[in-house]
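**Student:** Quick one: sequence and predicted model below, then my questions.
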Amino acid sequence: MWAGDSHAQSDRPEKQSGQPEKSAEQVGSADERIVVDEEWKARVEKEKRETRQQRQSSSSPGEGDPPLPPPTLTGLASSFSMQALAALGLLPDPLTGKVEVRLNRARHLIDTINLLYEKTSGNITPEEKQALEQMLHELRLAYVQIQAAQQRSS
């Protein structure tokens, strides 16, 4: 068997590259292996630092959270509106998943939206005014219907 013979068989397993796998003795002395290990450790540490820096520079206070739209009056009112719909039993409660009618809470939330509407009157755009009026109208109508249904069933 010749050293340069490409068809030579070896009892050593071959790597995917076609080169025979080297044992620890063939890699070098223990000191050389330590150097290789230290280089690898240093490279891994460097990659970790770079990854950490990238995360810190690209993360916001709510790390991992999607970006949120800027706060708006209609956004705030919509949040109250969704809570009111849950209190009216038209949506499941987001925390419990249960559908419960809580008229006192619904009334409080509708009154809160009305307070926003009254206190911002004259300082809001026509679109914001229309959105608040529409929310209030729909919530008040639902409140009256659910209240009437409860009174009939009692």
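**Tutor:** The structure has been received and is ready for your questions. Numbers count the residues shown, from 1 in each chain.
**Student:** What is the least confident helix or strand in the protein?
**Tutor:** The weakest-scoring helix or strand in the chain, judged by mean pLDDT, DSSP states H and E, is helix 24-27 (a mean of 47).
**Student:** pLDDT weak spots in the protein?
**Tutor:** 1-37, 55-63 (pLDDT under 70).
**Student:** Taking the centroid of it, which residue is nearest it?
**Tutor:** D65 (3.9 Å; Cα atoms, centre = their mean).
**Student:** M82: neighbouring residues, count only.
**Tutor:** 14 (other Cβ atoms under 10 Å). Heads up, the C-betas are built off the backbone N, CA and C, glycines and all.
**Student:** I'd say it and L91 touch.
**Tutor:** Yes - using Cβ atoms under 8 Å, M82 makes contact with L91 at a distance of 6.9 Å.
**Student:** how many neighbours does P70 have?
**Tutor:** Neighbour count for P70, taken as other Cβ under 10 Å: 5.
**Student:** Now do stretch 82-92: everything it contacts.
**Tutor:** Applying Cβ atoms under 8 Å, 6 or more residues apart in numbering, the contact partners of stretch 82-92 are 93-94, 98-103, 105-106, 109-110, 113, 139, 142-143, 146.
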